[in-house]
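Colleague: how would this look folded up:
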Amino acid sequence: MHVRKLATKMTNSERDTFKDVITALINNGKYGQLVSHHTMDHHMHSMGGMDAVGLQRFVPWHRVYLYELEKLMIEVDSSAFIPYWRWTTQKMVPSWLRNFTPPVPIPSGSTINVIRNVGFPPPLPTNSFINSVMSETTFTDFVTQLESAHNNVHRWVGGTMSTGLSPADPIFWLHHANIDRLWHQWQKKPSNAGKNPQLTGANRTMDPWSQTVEDVLDIQDLDYSYGL
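Modeller: Purely as a prediction, here's the structure:
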């Protein structure tokens, strides 16, 4: 079991490890492959919230997505992990990531030059809005509101983060770790037990990986947790 720490609680060594491991995965091509997977799923399932299936897949698919990156990171350095960016309280890109925008070659043969246009409206989500999200009592209402907050963060960072190639920007993973953490917290409420994504047939599988939605409902089964 490893712990995904809050970005502001990481040691300098942990921050360097994160950047070094991401750089290694860019250089061996595995990072670019992951970026391409996001683009394909965005197209196939309208992950921007444009259809009902995409909305139900939103948090479980990205849970698998982070898990698959973290597995690759651990193969490079067993101490590596994906931190989370709590943008309700840290209303800026973490300082140690501001200049970390490496170019990312992808399998199509092109290279993504990561750019940011920080501060573009709308503003980052507030604590009061997230509290409202967490008070939703059905999964669909919860994820609808959570995805709205998620989209605002992408737009606020701007540049590459406002496109389907957003995972090329390393801040993507810290953002989605926070989204995953919020889902986990919502799941832990006793009143939300059994309130899961409503998916049937092939949509239950988080392609291109083999995990089904049932496989990823409990993060303990995936051997990670979130630090405070």
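Colleague: Next secondary structure after the longest helix belonging to the chain?
Modeller: Counting residues, the longest helix found in the chain (DSSP state H) is helix 52-76. Counting by DSSP states H and E, the next helix or strand C-terminal to helix 52-76 is strand 104-105.
Colleague: quick one: the helices in the chain?
Modeller: 12-27, 30-45, 52-76, 127-134, 139-157, 171-188.
Colleague: Go through these and name the closest to residue 165.
Modeller: With C-beta to C-beta as the criterion, residue 165 lies closest to helix 30-45 of the helices of the chain, at 6.1 Å. Using the backbone N, CA and C atoms, a C-beta is placed for each residue, glycine as well.
Colleague: State the mean pLDDT of the longest helix of the chain.
Modeller: For helix 52-76, mean pLDDT is 97.
Colleague: So which helix or strand of the chain has the lowest pLDDT on average?
Modeller: Taking mean pLDDT, DSSP states H and E as the measure, the chain has helix 30-45 as its least confident helix or strand, at a mean of 77.
Colleague: per-residue confidence at residue 118?
Modeller: Confidence at residue 118, expressed as pLDDT, is 96.
Colleague: Likewise for the one 4 residues further on?
Modeller: Reading off the per-residue confidence, residue 122 sits at a pLDDT of 90.
Colleague: how much space between it and residue 156?
Modeller: 7 Å (C-beta to C-beta, to the nearest Å).
Colleague: Same drill for those two, tell me which one is more crowded.
Modeller: The neighbour comparison of residue 122 against residue 156 (other C-beta atoms under 10 Å) goes to residue 156, with 23 against 12.
Colleague: Hmm, that one is touching residue 123, no?
Modeller: Yes. In this structure, residue 156 is within contact of residue 123 by C-beta atoms under 8 Å, at 6.7 Å.
Colleague: can you count the residues close to residue 188?
Modeller: Neighbours of residue 188 (other C-beta under 10 Å): 10.
Colleague: low-scoring pLDDT stretches of the protein, where are they?
Modeller: Low-confidence segments of the chain, defined by pLDDT under 70: 40-50.
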